[in-house]
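Q: give the three-dimensional model of this entry:
(one chain, ligands or ions: 1)
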Amino acid sequence: MLEVKEVSEKKIDENYRFRTFLKGHADEELLDKQFKELHNKYFKDMDCRKCRNCCKKLGISMSEEELKRICEHYNWNINEVKDKLEESYGEYVASPCPFLEEDNSCKIDECLPKSCKEYPYTNKEERLFSLLTVVNNSKVCPVVYQILEDLKEIYNFRSYR
Ligand code: SF4
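A: Okay, here's the model as predicted:
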């Protein structure tokens, strides 16, 4: 597996320049298709249990309904769980994620909130308008990092540097 943080921070300026390049050169629909294909290609073989960078570096965010659903599912006392979280803009958050175990297993993997299920959003639509998030996630997620590297090849970005 890539040493994600080190490698991506070395390339972060380049990735921000690539974002500006894509804004000026990429077609919205084609870019979504390319993102989706690369997302499926890399997540097909990715074992997130060996990584967990997003849980460690970004943490967790969930709505009150999601929190209730998790507590009902595991038969937990909601107030005790709330003590591990902070409230921010109507969400319950914590970083690093308090549900990540030392062996990298996830205590709530049977009942994940939407933000965990959907991270890093590289198969979502309108990526052209979310490139700042994508670039920031390249510092965290090895798949996002690799997707950007592949897109640089596809768009022949190297000849612009
Ligand atoms: S950072 Fe990416 S590869 Fe690592 S666990 Fe999270 S989603 Fe999976």
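
Q: which SS state does the most centrally placed residue in the chain fall under?
A: Geometric centre of the chain, nearest residue: Pro120, 2.6 Å, by Cα atoms, centre = their mean. Following DSSP: H, G, I helix; E, B strand; the rest coil, Pro120 is assigned to coil.

Q: now it. Its backbone dihedrals?
A: Phi and psi for Pro120, reported as degrees, to the nearest 10, are phi -100, psi 20.

Q: and it, how far from the ligand?
A: 5 Å (Cβ to the nearest ligand atom, to the nearest Å). No exception for glycine: its C-beta is placed from N, CA and C like everyone else's.

Q: surely that residue touches Val144?
A: Yes. Assessed by Cβ atoms under 8 Å, Pro120 is found in contact with Val144 at 4.9 Å.

Q: what touches both of those two?
A: Common contact partners of Pro120 and Val144 (Cβ atoms under 8 Å, 6 or more residues apart in numbering): 134, 137.

Q: Ser8 belongs to a helix?
A: Yes. Counting by three-state DSSP, Ser8 is found in a helix.

Q: all helices of the protein, in order?
A: Under the criterion DSSP state H, the chain carries helices at the ranges 4-10, 12-25, 28-44, 53, 64-74, 78-82, 114-118, 131-137, 142-154.

Q: what angle sits between the longest one and helix 12-25?
A: When you say that, I think you mean helix 28-44. For helix 28-44 against helix 12-25, the angle by axes from the mean of the first three to the mean of the last three Cα atoms, to 10 degrees is 140 degrees.

Q: helix 28-44 near the ligand at all?
A: No. Using Cβ under 6 Å from any ligand atom, helix 28-44 never reaches the ligand; the gap is at least 7.7 Å.

Q: nice, that's everything, thank you.
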